[in-house]
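>>> Got a predicted structure plus its sequence, pasted below:
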Amino acid sequence: MPGGRLTQSERQQIALGLADSLPYAEIARRLDRPTSTVTREVMRNGGPTAYRADLAHRATEHRAHRRRPASSRAPQTAPQSHGRDAAAVAEYEETFTTVLMGSGLGKTPARVLTCLFTTDAGSLTASELASRLQVSPASVSKAISFLESQSLVRRERDERRRDRYVVDDELFFQATIASARANDHLVATARQGVAVLGPDTPAAARLENIARFLDFISESITRAAEQAREVLHTRPATPPEDGA
């Protein structure tokens with residue numbers, strides 16, 4: 001399997017694959033590259049709908065030209081337990097961060113959330129996060145404030161009275177519920193417009209349909225989350241061995 005940076009030709013093949021609506025795994029197979037490499041490349045450069053090979057290539061060359069020595073910029077590598085491959089873990093963390101950014105998170109909140117999700121303890125202090133990610137405490141504080149506002153992390157005090165930032169299964173449920181309910185204000189505003197514009201007008205009918213649609217989506221997500229909540233507290237079954 002080839003390594004190193006993607007070539008301009010490979011980026012053009014990625015663009016063609018995206019234009020043909022091929023999944024990342026198929027594009028990667030054709031390039032003989034890891035799927036994570038293709039995912040990271042696309043999400044760093046505009047996402048699947050805006051990716052352009054020429055712009056992506058120039059942006060990569062520009063980043064390489066400006067990059068400082070790795071010793072001063074690279075995130076601190078945490079000791080690996082359970083026999084994990086440090087390089088594989090680092091690549092996975094970068095992929096996870098890139099996907100989170102593609103879902104709408106900023107870079108630092110995405111890196112913080114990745115760090116918390118991939119830490120066995122599921123919690124870290126602000127200083128630990130700053131050290132691992134090689135960012136300022138102020139950047140961590142800003143990222144945590146945003147993640148807390150989205151119900152994606154919670155704050156606890158440890159035995160040394162330090163704030164620890166925690167991700168757990170119940171938080172993921174709460175974040176899903178919060179996301180489902182985020183449209184409640186829009187629903188209410190749309191229905192206010194129905195009264196203002198007149199219930200028998202096309203504009204009012206459009207707003208009422210939007211309100212009904214969002215109501216249905218919110219209720220469906222909430223109901224599904226309640227039904228699936230137990231899954232978050234169940235230990236995953238061990239997958240069968242090959243050939244079993």
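Received, thanks.
>>> Could you list the domains of the protein?
8-63, 86-167, 171-233 (automatic domain parsing).
>>> Dump those into JSON lines; add mean neighbour count as well.
For every residue, glycine as well, the C-beta is placed using N, CA and C. Converted to JSON lines, the domains of the chain look like this (neighbours: other C-beta atoms under 10 Å):
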{"stretch": "domain 8-63", "mean neighbour count": "17"}
{"stretch": "domain 86-167", "mean neighbour count": "17"}
{"stretch": "domain 171-233", "mean neighbour count": "14"}
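>>> Would you mind putting those domains into JSON lines with mean pLDDT alongside?
Formatted as JSON lines, these follow (pLDDT from 0 to 100):
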{"stretch": "domain 8-63", "mean pLDDT": "86"}
{"stretch": "domain 86-167", "mean pLDDT": "87"}
{"stretch": "domain 171-233", "mean pLDDT": "88"}
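>>> and the residue nearest to residue 31 when sequence neighbours are not counted, what helix or strand is that in?
Nearest in space to residue 31, with sequence neighbours left out and distances taken as C-beta to C-beta, 6 or more residues apart in numbering, is residue 10 at 5.5 Å. Assigning secondary structure by DSSP states H and E places residue 10 in helix 8-19.
>>> didn't residue 105 look like it was pressed against residue 114?
No. Counting by C-beta atoms under 8 Å, residue 105 stays clear of residue 114, with 9.6 Å between them.
>>> max-length helix in the protein?
Counting by DSSP state H, the longest helix found in the chain is helix 202-228.
>>> roughly how far apart are residue 163 and residue 154?
10 Å (C-beta to C-beta, to the nearest Å).
>>> ditto for residue 114
Residue 114 is 17 Å from residue 154, by C-beta to C-beta.
>>> same deal with residue 208?
Distance, residue 208 to residue 154, using C-beta to C-beta: 37 Å.
>>> can you check residue 186 too?
For residue 186, the distance to residue 154 (C-beta to C-beta) stands at 26 Å.
>>> where's the spatially most central residue of the chain, which helix or strand?
Nearest residue to the geometric centre of the chain (C-alpha atoms, centre = their mean): residue 100, 1.4 Å. Per DSSP H and E: residue 100 is located in helix 86-102.
>>> in the protein, which spans are helices?
Using DSSP H, helices in the chain cover 8-19, 24-31, 35-44, 53-66, 70-73, 86-102, 107-117, 126-133, 137-149, 169-181, 184-197, 202-228.
>>> So which of those helices is nearest residue 158?
helix 126-133 (11.3 Å; C-beta to C-beta).
>>> Next, the angle from the closest one to helix 137-149.
110 degrees (axes from the mean of the first three to the mean of the last three C-alpha atoms, to 10 degrees).
>>> Which neighbouring elements make contact with helix 126-133?
Counting by 3 or more C-beta pairs under 8 Å, 6 or more residues apart in numbering; DSSP states H and E, the packing neighbours recorded for helix 126-133 are helix 107-117, helix 137-149, strand 163-166.
>>> Is it possible to get CSV of these that adds distance to residue 60?
Shown next, in CSV, are the helices and strands packed on helix 126-133 (distance: least, C-beta to C-beta, whole Å):
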stretch, distance to residue 60
helix 107-117, 16
helix 137-149, 24
strand 163-166, 32
